[in-house]
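J.: Fold the following.
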Amino acid sequence: MIKEDMESFFHISDGGIDVVYNGFDTAKYTSSLRRSLRGPLRKKLGINENDVVFLFVSYDLKKKGILPLVEAAKLLKAQAGNGFKILIVGGLPHSWLQKRVENFGLIDTFMFIGRSKSPEECYANSDVLVLPTYYDACSLVVFEAMACGLPSITTIYNGAAGIITNEKSGYIISHPPEPLELAEKMRTLMCNETRERMSREAVRSSKKYTNEKNHQDMIRIFHEVIHENTHPFASI
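T.: The predicted structure is shown next:
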């Protein structure tokens, strides 16, 4: 997404930009966390064992799509009942947002827990990452969540959508985020079989985006630039 933006705004020809995706800590974020850490947080929050937990991580709730998520949750509840929760980690709701959640009958569905010192615990106790963002250069939480086995739902205006294989490791929805489309994807991922299949693919896909790979790619590019600028005919 950022590559296409730069090509458009700065009139750079195709092939003039290398794309290096974020890397993440592969030792910290793994699918094994769901075996070792899953349970206590759900119990503390009153989440049933069979509830599907959609995780939303951001401090800037409005920019990252909290309003279409609330609208989608209202639609999903009308279709699927109460078998899901939405865990909001990071920012806390303003009064207008809390009022909307209450008016939609979602007070028991949305759980705003604020800042977490253990994001890996949040991933381990969730089932799907949902980030219907209006804009995000390349959201690191998508990488971390997928590594922990969470299929991700995000918009085409998230650079991290580039690592998602649509309908296999997650869903890429339109921009601006449409609540009905979002609710449909969330409902699809409430199916255990579908979610587990996409979870395995998410883990497999995430393994390509390590910190080591990120560093190697950056160093390679630096070496290429140095070589180009020290070549005796570089200025001709």
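J.: which outside residues touch stretch 129-140?
T.: In this structure, residues lying in contact with stretch 129-140 by C-beta atoms under 8 Å, 6 or more residues apart in numbering are 1-2, 21-22, 24, 54-58, 63-65, 68-69, 72, 86, 141-142, 145-146, 150-155, 157-160, 162, 170, 173, 175-177, 182, 186. In short, each C-beta sits where N, CA and C put it, glycine included.
J.: so the residue positioned nearest the centre of the chain, which of the three states?
T.: Nearest to the mean C-alpha position of the chain, counting by C-alpha atoms, centre = their mean, stands Val142 at 3.3 Å. The assignment at Val142 comes out as helix when based on DSSP: H, G, I helix; E, B strand; the rest coil.
J.: go on, Ile172?
T.: Three-state assignment for Ile172 (three-state DSSP): strand.
J.: Bridged to it, which residues?
T.: The residues listed as beta-bridge partners of Ile172 by DSSP bridges are Thr154.
J.: from what I can see it touches Gly162, true?
T.: No. With contact defined as C-beta atoms under 8 Å, Ile172 does not reach Gly162; the gap is 9.2 Å.
J.: Among the two, which residue is more densely surrounded?
T.: Neighbour comparison, Ile172 and Gly162: the larger count goes to Ile172, with 20 against 15 (by other C-beta atoms under 10 Å).
J.: Spell out, range by range, the strands that occur in the chain.
T.: 52-58, 84-90, 110-114, 128-131, 152-155, 170-173 (DSSP state E).
J.: Please convert these to JSON lines, extending it with mean pLDDT.
T.: Output for the strands of the chain, formatted as JSON lines (pLDDT from 0 to 100):
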{"stretch": "strand 52-58", "mean pLDDT": "98"}
{"stretch": "strand 84-90", "mean pLDDT": "98"}
{"stretch": "strand 110-114", "mean pLDDT": "98"}
{"stretch": "strand 128-131", "mean pLDDT": "98"}
{"stretch": "strand 152-155", "mean pLDDT": "98"}
{"stretch": "strand 170-173", "mean pLDDT": "98"}
